[in-house]
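Enquirer: Please work out how this folds:
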Amino acid sequence: QHYFIQSNLSSITDSESSSYFLPTKRGMLETLSDFSRFLGSFWGVFTILAVCAPAALAVHEFTAYRMNQYTHGGIDYGCKSNMINYEARPADANIVTRRVVLLSMGEVSVDRMRELISNKAGSVLIALPNNSTTLTQEEVDQWSEVEQALMEQSTDTSVYFTYQDPELMDIYNEVRTGLNSDHAATAAAALGNVFQSNGYQIVTYGAAPLPAKSSFYTIQSKLMSQSREASPSIAIVAHFDSYGISPHLATSSNSNGSGVSALLEIARLLSKLYNKSGNVPKYDIIFLLAGGGKLNYLASKTWLEKRLQSDSPESAILNEVEFVLCLDSIGKDGLHFHVSKQPKEGTAGFKLLSAFEEAAALLYPEIPIQTVPKKVNLGNPLFAWHHEIFTVKRLSAATMSNYATHTSPGRLSTFDTAIQRDKLFAHTHIIAEGLARYVSELSDSSAIILNDNMLPNKDILSRTVDFLSSTQRAATLLQRDSPVLLSLEQVLSKYTSEVIVSELKAAKRDPEFQFYDQTETKLFAYNVKPAVFDLFLAIAVIAYLATFYLTVKSVPRALTALYQAKKLKSS
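Expert: Reported below is the predicted structural model:
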């Protein structure tokens with residue numbers, strides 16, 4: 001046809017061709033031929049796709065923290081996966097398989113998380129508030145329940161946490177309002193949602209989690225009596241590491257930043273008492289700061305077992321221990337003396353409790369000390385309180401805490417970010433005075449030992465808690481040169497002697513505990529259209545190309561018909 005038109009048009013003069021309002025015969029045909037080749041070429045299609053496709057869309061980058069992953073006693077806990085490469089969906093989406101579900105903290109509940117995991121959600125990303133002080137106690141307690149429920153199991157769903165920022169909340173709101181086509185009333189409405197809104201593909205890049213260097217640390221020291229006779233001893237113990245749903249999010253200000261702060265202040269006060277002229281306490285005091293507090297007190301347990309071995313050169317340190325006092329969360333209202341059974345009169349536990357009660361009555365009569373007896377559950381491998389690891393080894397022990405029960409939600413909360421400074425000061429004062437009365441064997445119940453320059457310092461207590469809360473001290477992240485370890489060692493060295501830092505490493509074969517890396521990562525949110533949009537776009541492009549093809553194919557026929565009609569008319 002192309003040749004036929006070209007042959008017939010060759011007989012038309014230039015004036016005639018211009019009378020038909022047609023371009024010159026050769027130029028027009030070359031243009032049509034070139035355009036046809038253009039449409040059939042790859043670059044032609046690419047250019048049309050580039051014109052029709054949406055413009056390049058934004059990428060948002062933010063830091064996220066993966067849920068804890070560790071192995072303890074051969075049992076896996078936490079999140080085993082770190083992969084995200086899924087389309088974002090809102091909290092109430094019906095389809096979550098191979099999707100990343102975006103949740104605000106208020107949308108998280110134990111039941112919803114279990115539902116997402118059981119429905120094999122690809123990933124869950126939870127946006128936490130930047131300022132935890134705005135949360136109510138009810139919200140904090142509910143979140144603590146979620147944390148405990150998640151950490152009691154192992155899941156293949158990758159769970160991440162991040163803090164809310166304006167760009168992230170814009171993504172959250174757009175996903176929530178624009179892409180929730182699962183609940184559209186009709187198919188047409190769902191299709192409309194697809195075309196009117198953008199979607200987000202959440203992606204993380206990195207290797208799969210691998211076993212990380214796993215170690216726990218203990219710091220022990222001693223305050224020696226100047227008595228020439230063999231002295232009995234009393235041990236004061238606190239765990240110093242933090243715990244939360246993710247290592248990087250844990251602050252643990254009260255549990256147990258307050259206990260560590262109190263122990264260091266008690267060491268400072270009692271060192272003054274022991275160095276006071278004419279005062280000769282009859283007890284040595286052992287101070288122990290231990291890691292793994294929320295991992296079944298593993299460092300304390302191992303420290304104790306090694307020193308109970310008959311052939312251990314350090315076994316002598318426990319030979320004369322009369323009582324072990326553990327400090328765990330004393331920075332809020334309430335003061336409880338947790339024991340395995342009610343202390344009997346004449347025992348070390350009874351005498352120490354009496355010394356505390358006398359101190360409280362003299363200094364803070366509005367603060368009662370409540371004794372809470374609870375038997376050690378030997379059938380449960382997990383200890384409820386710190387003192388229980390000593391009790392099962394037949395050492396008299398107790399835990400001082402503001403919590404009435406070991407199941408109190410605040411002990412394992414990411415939002416354990418604040419203390420009551422006046423309460424911490426008062427509780428530290430009571431405990432320090434009670435210990436001073438005990439080691440001095442004071443018989444006068446109306447006398448006060450710690451006075452004048454031997455009073456607790458509220459600023460020191462507060463600064464210590466602030467330092468611990470702002471310093472990474474999760475067991476997963478601690479190294480021998482970590483600032484928190486170096487600082488604790490330095491403070492104890494200032495007031496006590498025989499400071500020893502010990503490292504408990506995981507066994508290379510069949511380790512009792514194992515941590516994993518990839519705890520912090522960068523997530524990228526790509527602003528894209530949903531996958532179904534690509535399908536409709538492809539259909540539209542095909543229709544567009546087909547229309548052009550048919551149009552170009554029909555032009556020669558139209559020109560031929562026009563030429564013949566004009567020729568017949570002129571003849």
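
Enquirer: all strands of the stretch 201-350 of the chain, in order?
Expert: Counting by DSSP state E, counting those that start in this stretch, the stretch 201-350 of the chain has strands at residues 215-223, 233-239, 284-290, 321-327, 336-339.

Enquirer: got TSV for those, with mean neighbour count and mean pLDDT too?
Expert: Every residue, glycine included, has its C-beta placed from N, CA and C. Output for the strands of the stretch 201-350 of the chain, formatted as TSV (neighbours: other CB atoms under 10 Å; pLDDT from 0 to 100):
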stretch	mean neighbour count	mean pLDDT
strand 215-223	22	95
strand 233-239	25	96
strand 284-290	24	96
strand 321-327	24	96
strand 336-339	22	98
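
Enquirer: and stretch 256-272, which residues are buried?
Expert: Within stretch 256-272, the residues that count as buried by 16 or more other CB atoms under 10 Å are 256-271.

Enquirer: Quick check: mean pLDDT of that stretch?
Expert: Stretch 256-272 shows a mean pLDDT of 97.

Enquirer: quick one on the thing from earlier: just tell me which of the strands of the stretch 201-350 of the chain ends up closest to Leu298.
Expert: When these are compared by CB to CB, strand 215-223 sits nearest Leu298, at 5.9 Å.

Enquirer: What helices and strands are in contact with the closest one?
Expert: Where contact means 3 or more CB pairs under 8 Å, 6 or more residues apart in numbering; DSSP states H and E, strand 215-223 is packed against helix 259-275, strand 284-290, helix 298-308, helix 483-495, strand 497-505.

Enquirer: Any idea which of these gets closest to Pro209?
Expert: Closest among these, using CB to CB: strand 497-505, at 19.6 Å.

Enquirer: what packs against the closest one?
Expert: Packed next to strand 497-505, using 3+ CB pairs under 8 Å, 6+ apart, are strand 215-223, helix 298-308, helix 483-495.

Enquirer: the inter-axis angle of the longest one versus strand 497-505?
Expert: Using axes from the mean of the first three to the mean of the last three CA atoms, to 10 degrees, the interaxial angle of helix 483-495 with respect to strand 497-505 works out to 160 degrees.

Enquirer: Can you point out the buried residues in stretch 100-112?
Expert: Here stretch 100-112 shows 100-103, 105, 108, 112 as buried, counting by 16+ other CB under 10 Å.

Enquirer: my bad, stretch 299-318
Expert: Buried residues in stretch 299-318, counted by 16+ other CB under 10 Å: 299-304, 307, 317-318.

Enquirer: Where does the prediction get shaky in the protein?
Expert: For the chain, applying pLDDT under 70 flags the ranges 1-58, 178-198, 228, 230, 310-315, 530-533, 571.

Enquirer: Among the buried residues of stretch 100-112, name the ones in helices.
Expert: If you go by DSSP state H, these have Arg112 in helices.

Enquirer: Include distance to Ala426 when you put the helices and strands packed on strand 497-505 into a markdown table, please.
Expert: Shown next, in a markdown table, are these (distance: least, CB to CB, whole Å):
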| stretch | distance to Ala426 |
| --- | --- |
| strand 215-223 | 23 |
| helix 298-308 | 26 |
| helix 483-495 | 22 |
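
Enquirer: From what I see, His239 and Tyr297 are in contact.
Expert: Yes: here His239 reaches Tyr297: they are 6.5 Å apart, a contact under CB atoms under 8 Å.

Enquirer: so what sits against both of these two?
Expert: Common neighbours of His239 and Tyr297 (criterion: CB atoms under 8 Å, 6 or more residues apart in numbering): 290, 386.
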